[in-house]
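Enquirer: coords please:
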Amino acid sequence: MVIVRDASAEDQLVYAWPFPIGPESIEVTCSADEVVVMAPAWVVTDRLGPGHHRWRTPDPTRPTNAYFVLTGPVEAPFDMITSFVVPSTQVPIRIRAQGSLLVRCMDPAMLVAQFVGLPFDNINDGVMRSVGLSVEKLLSRVLVRRVLTAGTAVAVTDPGMLPSIIDEATAYNPTAGAVNGVMFVRFNQLVVQADDGGMGGGMWNAQQGWNESGNPGMQPQTQMPDNASFTGAGQPYPTGGFAPQPYATGAFSGDSGSSQPYATGGFAVGSQPPAAPSNVISAEKGVVASGEIGGNKRSTPAATPAPAAPVPSIEEPLPPPVLAVGAQVLVSSEDGLLHSSTIRQHANGYYEVEVDATGQTIWVPAGQVIPAG
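Expert: Predicted coordinates for the structure are as follows:
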């Protein structure tokens, strides 16, 4: 019996041999840029390098798994969307970052040990999904912080800011939250776009993007659609923050192309503050409006009112203390439910929290955050 990587899976980081391996001696063929990890009885034992090898299981009574792991760089795509409201201006913003990065396996045995014995279906997809989700979470925090600091989306859509965004994201290790054994190599492509979250203002700004060769990267859309679903091919999972479109319904963006209700109660990204009451008094008979000279001449002048009694001063309550980063809190949603979350940062009366149940990050007013203790 001879086992070798299938030609249709030559670009997969991990390819699991899909057929049973019996107790007899087998021949393992390994190419120059991969390692075959043998796992008899669900235990990682041998790592076979490039070439041809004769191998026999030490425990014929139990099943044996074989995994072909590439040691060269592999491209992993990502597509992140996050929505929030700038506290200083109360302007909704939606940011999309898409592209790809190169990763490689630095320890095949460590990587395989995390899923040995699991069903063969979609093992490589799961590894790539883990890498994509890790870089999406990091880019979400980096881009949102830059916009909140500058007060405008130009801070991330200006093409001149791309090198510093890539440098900052690289310094934080984009694959730190992915499965163990995978190492970040470099960003391959990156495109950042921003608009007003489908609130009717259309596209604010978009940029050509960047790739490692120095040529224009992925072409951006001429206008972002009003719905909040931008997940790309091969990304069957929700990414980024909660979409601002359902301000009243509290839904978030999924991968179906339309907003879906959040199973445990959605969050509103932020509602528009009520309009300030007008300080201009309309002129009625006998009443002088602000800015009017003389008032209504045909009306009888109103009697001078008696001086009002002094109103006692009321001390404003002290603002609540700022909760520490990493603190466990409860975040209230529009349906009245409380969701366990973790604080990531605080800015201008808003908290960025990560919802424990979904792993998604959102910005909520400080009034919606309740200490868990």
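Enquirer: can you pull the contacts of the nearest residue to Val331 once chain neighbours are set aside?
Expert: The spatially closest residue to Val331, leaving aside those adjacent along the chain, is Ser341, at 4.7 Å (C-beta to C-beta, 6 or more residues apart in numbering). Quick note: C-beta positions are derived from backbone N, CA and C, even for glycine. With contact taken as C-beta atoms under 8 Å, 6 or more residues apart in numbering, Ser341 is in contact with 328-331, 353-356, 369.
Enquirer: mind redoing it with 6 Å?
Expert: The neighbours of Ser341, taking C-beta atoms under 6 Å, 6 or more residues apart in numbering as the test, are 329, 331, 353, 355-356.
Enquirer: Grab the longest helix from this protein for me.
Expert: Ordering each helix of the chain by length in residues (DSSP state H) puts helix 123-150 first.
Enquirer: Can you name the next helix or strand after that helix?
Expert: Under the assignment DSSP states H and E, the closest C-terminal helix or strand after helix 123-150 is helix 154-157.
Enquirer: Tell me which helix or strand the residue nearest to Phe84 when sequence neighbours are not counted sits in.
Expert: When the adjacent residues along the chain are set aside, Phe84 lies closest to Trp363, with 4.3 Å between them (C-beta to C-beta, 6+ apart). With secondary structure defined by DSSP H and E, Trp363 is part of strand 361-365.
Enquirer: so that strand versus helix 123-150, what angle?
Expert: Angle, strand 361-365 to helix 123-150, by axes from the mean of the first three to the mean of the last three C-alpha atoms, to 10 degrees: 30 degrees.
Enquirer: just the contacts of Ser341 now: which is nearest Ser25?
Expert: Using C-beta to C-beta, Asp356 is the member of those that lies nearest Ser25, at 49.7 Å.
Enquirer: Just give me the neighbour total for that closest one.
Expert: The criterion is other C-beta atoms under 10 Å. On that basis, Asp356 has 13 neighbouring residues.
Enquirer: what about the nearest residue to it once chain neighbours are set aside, distance to Gly367?
Expert: With C-beta to C-beta, 6+ apart as the measure, Ser340 is the residue that lies nearest to Asp356, at 4.6 Å, once sequence neighbours are left out. When distance is defined by C-beta to C-beta, to the nearest Å, Ser340 is 18 Å away from Gly367.
Enquirer: between those two, which one's more packed in?
Expert: Legend: neighbour count by other C-beta under 10 Å for Ser340 and Gly367, higher for Ser340 (13 against 10).
Enquirer: any idea of the pLDDT on that one?
Expert: According to the predicted model, the pLDDT of Ser340 comes to 85.
Enquirer: and it, helix, strand or coil?
Expert: strand (DSSP: H, G, I helix; E, B strand; the rest coil).
Enquirer: What distance do you get for it to Ile3?
Expert: Here the criterion is C-beta to C-beta. By it, Ser340 lies 46 Å from Ile3.
Enquirer: Count residues in the vicinity of Ala171, would you?
Expert: Residue neighbour count, defined by other C-beta under 10 Å, stands at 9 for Ala171.
Enquirer: go on, Gln189?
Expert: Here the count is done by other C-beta under 10 Å, and Gln189 has 19 residues near it.
Enquirer: how close does it get to Gly99?
Expert: Distance of Gln189 to Gly99, computed by C-beta to C-beta: 4 Å.
Enquirer: Low-confidence ranges, the stretch 151-300 of the chain, go.
Expert: Along the stretch 151-300 of the chain, the model assigns pLDDT under 70 to residues 198-300.
Enquirer: cutoff 50 now
Expert: With pLDDT under 50 as the threshold, the stretch 151-300 of the chain has low-confidence stretches at 201-208, 213-300.
Enquirer: ok, Val353 - contacts?
Expert: 331, 341, 343.
Enquirer: Make JSON lines out of these and add distance to Leu138.
Expert: Shown next, in JSON lines, are the contacts of Val353 (distance: C-beta to C-beta, whole Å):
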{"residue": "Val331", "distance to Leu138": "22"}
{"residue": "Ser341", "distance to Leu138": "18"}
{"residue": "Ile343", "distance to Leu138": "17"}
